Each structure stands twice: as structure tokens, then as C-alpha cells.
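>>> model this:
(2 chains)
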Amino acid sequence: MVLKIYNTLTRELEDFIPINGKKVNMYVCGPTVYDHCHLGHARSYVSFDVIRKYLIYRGYDVNYVSNITDVDDKVIARAKETGEDPFVLSRKFTDSFIEDMETLAVLPPDTRPKVTEHIPEIIETISTLIDNGTAYVTARGNVYYDLTSSKEKIGILSHQTEEGLLEGSGCRVDVEDDKRYQLDFVLWKTATEEETGWDSPWGRGRPGWHIECTVMSMKYGSEQLDIHGGGMDLVFPHHEAEIHQSESCSGNHQFSKYWMHNGFLTIDKEKMSKSLGNFFTIKEVLDEFPAATIRFFIVYTHYRSTIDFSKEALEEAGRARKRLVNTITNVEHAFENAADTGEDHGLTELINETRDAFIDSMDDDFNTREAIGNLFAFGRKVNSIIADQKPGKGSLQDVLDFFSEVNQVLGIFIDDHGPANDEHALSDEEIAEMIELREKARAEKDWASSDSIRDELKEKGIIIEDGKEGVRWKREI
RNA sequence: GCCGAGGUGACAGAGUGGCUAAUGUGACCGCCUGCAGAGCGGUUUUUCGGGAGUUCGAAUCUUCCCCUCGGCACCA
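Numbering: from 1, shown residues only, chains lettered A, B, ... in the order given. Predicted coordinates for the structure are as follows:
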């Protein structure tokens, strides 16, 4: 079966055929760092992390570029509010973003370019556009992209007509604008001496919002990307603007073959927004839930679906994930107690079937929901086999290896101990001592003492499980 | 106004012409257990927003209707 990807450009599920054999150039629009990143960012970057890792899993050589927009109007506005230097501010939130991504087990991009480190390249690209007649400089020193030079591409990604875009309720006419045509977008914005800016052939100023992605994707990716991704909200105008300017710049090579957009995240069925007061940063949610739960919650939903965040939904995701983790724990214990008998009891076949099902699901536009559904079914069968039969160490190791194989793609079996468990955690020795005491009580059928020790451990986040093979314990997740 | 997504069992959410409609959560019952936990089996579930139609056969196709949500130059 061939990998199929939903392409926003064609609105169709297409076979994934990279431009250059196994080489895949992938660019995902990064955040504008004027604040701590919110859950919507987590949704987007975790989704694309899975997509990237699956491509790697399928043998592609992926070059993943994701930028940091560390200068723009919002960064400057926020800095003005707080009285901080804009560069200090953006640096701080860049670090915060990278920290969040690490916590959520998102693989760092191969290149993470920053706008402020590419001003010369941006100026050069704008010059190219001016020289080839697709951009113009105004008397005030602003530079705009001339939409009429590539009119045929208007609405190419958003599937809107020119009229539709002009009539859009959100289409406002800014009196400050000195552009020739309402849909033209700014490439270079003039700045006064006091404002953040750089010198350019058109005077002091700073880059417009869209140009940085064109410049950096071309420098670190290719003039022709295989995949360009981002949130649904970037389809228009951001990504369309990128198509116009990039293709104008490269001589009309198709900028990206596939355009992928993740769905939104809502909070209690409402759009997350600051005005509604339902805005959550990643850090706020991490205070209450383990990173593994947040990651599982995101991965357990198809990337293009709207995902509704609520405390209840996250708790449910945590319980669902725990089921898989319990299976892994069960297999680990079975492994410890198993012999090298070479007994298989159908595990090898089960693994192969599940792997095929996993690939089928993921090949279908990264259907992680179905893929994880297969894992649950797999887990149930594995639990049955180890409860009823005695597979040898080899087969059990294969099961563990398989979980780790899918985890390379999904990243759902990451460290799952929430912040609550970290502080007054008992040491392994202390736990062993208490278990020994309890075993003594149990041998004497002193259930009261035995249960009180168990309760005490539970309060400290240690779960005791009596099984046929003896007592075992684990830290609560 | 324009564009888009979606309505599936208590809830969440797969499935786009054909085995008893995945899977998870919840609830209940049973097995196991000193009890609990974990696990396993079962029930909740002949049903897919409503009508009409196509078909040997539809949650899946056609058509009409109802409803929800999102985007439209701040935005992942």
C-alpha cells in the first residue's frame, strides 16, 4: 500500500510521491514568540512530529525545517507593554517554546532558523521580487507584493475567488496602508529610528509576516518543498502569500507539492481565545497533567479533526493510555518470570498482523486514531496470551520491541510521572522494606496491617499488585 | 455573503457498498483475588440526524430537509 496524504491544495487524498525519491523536504511554520505557547501550538507541532516520524519510519530521508518568528508587530507590541527589549522578550519565549517541545517529546527540527538571523537573505529575496517586477516600493518605503502579477493564483489554497476574498467580512481597509491593491501584502515595513528595524535599500524597516517562511524554507529546504505544513488558520493569507512570492522568486516552480494543515483545538467546544478567557498555555496544562497524557490526547485524534480540550477529555485520555502502559508492564513482568523456552503461542504472528494494520492505518493520511485502536486490540490479545500461556522470553521481548517500534512514531510511551509524584517520592529501598513488612503480615493473614501498608503506599503514589508470580509494585501514573 | 468541517451506541471516536459497526472511557455482571489492583469474558449496542430514492445488499451512493461548529488578512 502506498502512503496517502490529504493535500489542501487539491482537496484530495493523494499518493505521496516525493519530488526526489526518498528525500523529503518538509517545512512547518513555527510560532511567533511573543508569549508562552498555548495548547494549539502543542496540537500542531505534536501532529507534525508524528507525521515526520512516520515518514522516517517508512524509510524516507526527512529534512525537517521549522522556523521561529522572533520579530513582528506582536513581539514589538508586547515588548512595549512590558518595557522589555523585544529581542530579550522573543529570546525568552523561544526558550520557553523549545522547553515545551522537549517536554512533549517533539523531535527538534533539523534546522530551526530565526527571522532575526536572516535579515540579509530576506532583503535579498525582496530585491529579487522588486527586480522581477512582482513587488513595488512605495513613497513611504514600504514594499508590497503585487498580487496582480500572479492573479491566477489568488485563492489557490483557500479555494476562494478574488471577489470572495475582497468581500470577506474580515477584509478591512487599513487607512495606513499605501498599497496599490487591497489584496497586496507587505514584504517590508518601514520603521522609525526608535522602532525595531534594520537598514535596507528601501530605508529602515522590518520584514512583513510572510516573507520569512519563503526565505528560510528555500535556504534550508528547497525551492520545491515536498510538504509544507501548519495550522488551518495559516491557509489564508499566510500560505497563499508564500505561494505567490516563492513561486515568483523561483521562476514559477511549484513551491510545495503537498500542503498539510492540522485542525483546531477548542476548549469545551469553544474556540480557544483570550477574549473568551479559555486560553491555556502548554505550561499551565503541564502543571496538572503529565506530558505523556497530553501527547496521547493529541495523537489519539486525527490531525485534521477538531480536537476538543477539557479536563474530562484529558483525564479519559490518561486512563486510555494507562491501559496500554499496563499491558507493557504486564509483559515486562511476564518476561522476568519467563524461561527461554522458545514458546511463541502466536505472538509473532500477532505482532506481524498488528504491524501491518498499523502501517495500513498510518498510510491512510496518518490515521493515528485507528492505529492506536489496533494497539488496544493487540494489547488485549497479548494480555490474554500471557495470562493463559507461558510464552518464552524471546517472544515477549519481541512484543516489547514492537511497542517501542510504534513508540518511535507515536511517542506515547514517554516518561509519564506527573509533577505531583516527583517531590516526596519514596526510594526503591523504602518501598522494598514496606513490601517486606506487608508480606510478613500477609503470611500471618494479618489483613488489617497488610492493607494499611498498601494504603500508605498508595497515598505516596505506589501501587501494589499481588499476582500469581508474587507481589509487584509500580509508581502511579 | 463566500469557503470548509461535521452529525455513528451513555460519552468519545474509527469505519465511505457486503463477515455479528473498530477502539477507548463510563456503568453493571461474571472469572481471578483474603480484599484490592491489573487482566480476561459479557452486558450497555441490529444501530449510524430525518425523509425519499438507487441497489440483490447502504452508516457508507443520489436527492431533499434539519442541526452543530469553524475560517474569511492577529492566529498553530
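
>>> got a pLDDT number for the most far-flung residue of chain A relative to its centre?
Within chain A, the residue lying farthest from the chain centre (CA atoms, centre = their mean) is residue A:444, at 53.4 Å. Looking at residue A:444, its pLDDT reads 89.

>>> if I look at residue A:198, how far off is residue A:78?
Remark: distance between residue A:198 and residue A:78 (CB to CB, to the nearest Å) = 20 Å. From N, CA and C alone the C-beta is placed, and that goes for glycine too.

>>> then residue A:132?
Applying CB to CB to residue A:132 and residue A:78 gives a distance of 35 Å.

>>> and the stretch 201-350 of chain A, which residues reach RNA strand B?
Taking CB under 7 Å from any atom of the strand as the contact definition, the stretch 201-350 of chain A meets RNA strand B at A:209, A:230-238, A:262, A:264-266, A:269-272, A:301-302, A:305-308, A:313, A:316, A:319-320, A:322-323, A:326-327, A:329-330.

>>> restricted to strands, list the residues you listed.
Counting by DSSP state E, the part of those found in strands is A:230-231, A:262, A:265-266, A:270-271, A:307-308.

>>> so who does residue A:70 touch?
By CB atoms under 8 Å, 6 or more residues apart in numbering, residue A:70 lies in contact with A:32-33, A:87, A:90-91, A:94, A:114-116.

>>> so which of the ones in strands among the residues of the stretch 201-350 of chain A next to RNA strand B wins on neighbours?
Within these, most neighbours by other CB atoms under 10 Å means residue A:262, with 27 neighbours.

>>> ok, that one touching residue A:234?
No - using CB atoms under 8 Å as the test, residue A:262 is too far from residue A:234 to be in contact (9.7 Å).

>>> residues from the stretch 1-150 of chain A in reach of RNA strand B?
So far as CB under 7 Å from any atom of the strand goes, the stretch 1-150 of chain A lies against RNA strand B at A:11, A:29-32, A:38, A:40-41, A:43-44, A:74.

>>> closest to RNA strand B out of the contacts of residue A:70?
Nearest to RNA strand B among the contacts of residue A:70: residue A:32, at 4.7 Å, using CB to the nearest atom of the strand.

>>> give me the pLDDT for that closest one.
93.

>>> contacting residues for the nearest residue to it once chain neighbours are set aside?
Residue nearest to residue A:32 in three dimensions, not counting chain neighbours: residue A:69, with 4.2 Å by CB to CB, 6 or more residues apart in numbering. By CB under 8 Å, 6+ apart, the residues touching residue A:69 are A:30-33, A:75, A:115, A:209, A:212.

>>> turn those into CSV, columns for secondary structure and neighbour count.
Shown next, in CSV, are these (DSSP: H, G, I helix; E, B strand; the rest coil; neighbours: other CB atoms under 10 Å):
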residue, secondary structure, neighbour count
A:30, coil, 28
A:31, coil, 23
A:32, strand, 21
A:33, coil, 27
A:75, helix, 24
A:115, helix, 26
A:209, coil, 19
A:212, helix, 28
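
>>> any chance you could map the helices in the stretch 101-250 of chain A?
Secondary structure of the stretch 101-250 of chain A, counting by DSSP state H, counting those that start in this stretch: helices at A:119-131, A:162-167, A:211-220, A:240-250.

>>> check the stretch 351-477 of chain A too.
A:368-388, A:393-410, A:428-443, A:447-459.

>>> which non-adjacent residue is nearest the residue of the stretch 201-350 of chain A found nearest RNA strand B?
As assessed by CB to the nearest atom of the strand, RNA strand B sits closest to residue A:231 within the stretch 201-350 of chain A, at 2.2 Å. Among residues not flanking residue A:231 along the chain, residue A:44 sits closest, at 5.0 Å (CB to CB, 6+ apart).

>>> didn't the one you found look like it was pressed against residue A:230?
Yes - with contact defined as CB under 8 Å, residue A:44 reaches residue A:230; the gap is 6.9 Å.

>>> quickly list what's touching both of these two.
Residues touching both residue A:44 and residue A:230 (CB under 8 Å, 6+ apart): A:28, A:262.

>>> which of residue A:132 and residue A:78 has more neighbours?
Comparing residue A:132 with residue A:78 by other CB under 10 Å, the one with more neighbours is residue A:78, at 18 against 12.

>>> tell me who's in contact with the more buried one.
By CB under 8 Å, 6+ apart, the residues touching residue A:78 are A:34-35, A:86, A:89.

>>> want to throw the residues you listed into TSV with secondary structure, neighbour count and distance to residue A:290?
Shown next, in TSV, are the contacts of residue A:78 (DSSP: H, G, I helix; E, B strand; the rest coil; neighbours: other CB atoms under 10 Å; distance: CB to CB, whole Å):
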residue	secondary structure	neighbour count	distance to residue A:290
A:34	coil	21	28
A:35	coil	18	23
A:86	helix	21	34
A:89	helix	22	29
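
>>> ok, those residues vs residue A:247, which is closest?
Distances from residue A:247 to the contacts of residue A:78, taken as CB to CB, are shortest for residue A:34 (29.5 Å).

>>> that closest one against residue A:74, yeah?
Yes - judged on CB under 8 Å, residue A:34 makes contact with residue A:74 at a distance of 4.5 Å.

>>> no further questions, thank you.
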